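S.K.: Kindly return the folded structure for what I paste below:
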Amino acid sequence: MTADKEKRRAISREAAKKRRRVESDVFGNLSQLLPVQPSVQKSLDKPSIIRLTLSYIRMHTLLKDRNVENGHTLPPFAGLSDGGEEQRSSSDGGCGDVEPAQTEELKTVEETDMILSVLEGFLMVLTAHGDIIYLSDNVSKYMGLSQTELMGHNIFDFTHPCDHEEIRNNLRQMPGDVWCGEKRDFVMRIKSALTNRGRNSNLKSAMWKVLHCQGRLNGCAAPSSVPWLLLTCQPLPLSHTLLSSHTFTSQHSMDMRFTYCDHRVTVLLGYTSAELQGRSIYDLCHTLDTNSLSQNHLNLCWKSQSVSSQYRLLVRGGGYVWVETHSAVIPTIHPSRSRHRGSHQPLCILCVTYVLSGVEEPSLQLSVDQTFKRRFS
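M.R.: Below you'll find the predicted structure:
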């Protein structure tokens, strides 16, 4: 009886080993089909392989449906490969002549890499439920997390709980939206494994990074299609490139009254720094853009960083210019050595405003301030 038990146990162990070998072979073959670098393939565990496979299948389905509508054919994982198998096979020596389709695909990948190098951010594709089905591989530069670590997860697992409702509203297809390409523009906070010194940390000690997300809702033309959101995500805070002469910096109280403004505002808008002291930004804003500026102000107070949509500021003497403002809430630094418990430093808002146009409608005066002579040199 004991011998029979041992024999059955030995058979069961051998069967289990065989199942594990078959399973490992299946996952190994599946990982080799993924369009990722060989070094990444070797480090993937089984849950990651399943997660990435599902993401690539869903993304490929979306691209296939989109190209079928446009009358084009799509090679497998076209535009998604970051050093994957298809790229390697086309670049291998001794594999014969490169087919025109492969040459075109390589050219597309090179163009994508060039665009990403110029864009100060990364690309993200989300489903209507918030699943991340694609991220450009430069996401690690901004988030400290790799493409393969994030793809297949849900965006709500990494974003601030207070921003979830706003994200859902941007993922949702409105009842009257029957056309593709509806614009989306919002700010959200997401976990970042990058420290202030640019070093990687783990997610348990991750910090919130503010992203300005712009994109379009796609796939809503047909009733049977599933909407998906293509976004470009640019990290805030303020841009550090203040080399342009069409840029000025300003500091405000929390109700957006000027407490400081640099001298370039005189050349760009005609007002002196002294004239703007204590004035509200809303006094200079075009009336039709007040709601847009108010929404940006609310985002700033809630999320500590924000970037405005394009709006109009009135020019001294008449007319207006189109601008865009990057803002951040920062603590005001005082030289006081007071360290009383419970004493909190007041907050202020730092803004960098980019003037995007020349003066439009120079003969049009929309406020009393514009009745004075313009101070341009």
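S.K.: Tell me how the protein divides into domains.
M.R.: As assigned by automatic domain parsing, the chain contains the domains 11-118, 120-235, 247-371.
S.K.: mind checking the SS state of Trp322?
M.R.: strand (DSSP: H, G, I helix; E, B strand; the rest coil).
S.K.: Test of understanding: give the bridge partners of it.
M.R.: Judged by DSSP bridges, the bridge partners of Trp322 are Arg312.
S.K.: circling back to that earlier point, let's have the domains of the chain in TSV, adding distance to Asp4.
M.R.: Placement of C-beta: from N, CA and C, glycine included. Output for the domains of the chain, formatted as TSV (distance: least, CB to CB, whole Å):
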stretch	distance to Asp4
domain 11-118	11
domain 120-235	46
domain 247-371	69
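S.K.: And these: which comes nearest Thr2?
M.R.: Of all the domains of the chain, domain 11-118 sits nearest to Thr2, with 15.1 Å by CB to CB.
S.K.: quick revisit: I'd like the domains of the chain laid out as JSON lines, including distance to Thr2 and mean pLDDT.
M.R.: Compiled in JSON lines, those are given as follows (distance: least, CB to CB, whole Å; pLDDT from 0 to 100):
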{"stretch": "domain 11-118", "distance to Thr2": "15", "mean pLDDT": "68"}
{"stretch": "domain 120-235", "distance to Thr2": "49", "mean pLDDT": "80"}
{"stretch": "domain 247-371", "distance to Thr2": "69", "mean pLDDT": "84"}
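S.K.: Using CSV, please lay out those together with mean neighbour count.
M.R.: CSV is the format used below for the domains of the chain (neighbours: other CB atoms under 10 Å):
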stretch, mean neighbour count
domain 11-118, 14
domain 120-235, 17
domain 247-371, 16
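S.K.: which one of those domains lies closest to Ala3?
M.R.: Of those, nearest to Ala3 by CB to CB is domain 11-118, at 12.7 Å.
S.K.: which phi and psi does the residue sitting nearest the centre point of the chain have?
M.R.: Nearest residue to the geometric centre of the chain (CA atoms, centre = their mean): Cys233, 1.3 Å. Reported as degrees, to the nearest 10, the phi and psi values for Cys233 are phi -110, psi 120.
S.K.: Please name the bridge partners of it.
M.R.: Applying DSSP bridges, one finds that Cys233 bridges with Phe122, Cys213.
S.K.: That one contacts Lys209, doesn't it?
M.R.: No: in this structure, Cys233 is not within contact of Lys209 by CB atoms under 8 Å, at 9.8 Å.
S.K.: Spell out which residues are contacts of both of those two.
M.R.: Contact with both Cys233 and Lys209 is made by residues Tyr142, according to CB atoms under 8 Å, 6 or more residues apart in numbering.
S.K.: Output the contacting helices and strands for the helix ranked longest in the chain.
M.R.: What stands out as the longest helix in the chain, according to DSSP state H, is helix 2-33. Applying 3 or more CB pairs under 8 Å, 6 or more residues apart in numbering; DSSP states H and E, we find helix 2-33 packed against helix 46-70.
S.K.: Going along the chain, name the strands of the stretch 151-300 of the chain.
M.R.: Residue ranges of the strands in the stretch 151-300 of the chain, as given by DSSP state E, counting those that start in this stretch, are 182-192, 207-218, 228-235, 247-252, 258-261.
S.K.: List every C-alpha atom in the shortest one, with coordinates, as PDB.
M.R.: Written as PDB, here are the backbone C-alpha positions of strand 258-261 (Å, rounded to 0.1, in the frame of the first residue of the first chain):
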ATOM      1  CA  PHE A 258       0.200  91.200  -8.400                       C
ATOM      2  CA  THR A 259       2.900  91.500  -5.800                       C
ATOM      3  CA  TYR A 260       5.800  91.500  -8.200                       C
ATOM      4  CA  CYS A 261       6.300  91.600 -12.000                       C
END
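S.K.: quick one: strands adjacent to it?
M.R.: When DSSP bridges is applied, strand 258-261 pairs with strand 247-252 (antiparallel).
S.K.: contacts for the partner strand?
M.R.: 242, 258-262, 264-265, 268, 276, 281, 348-355.
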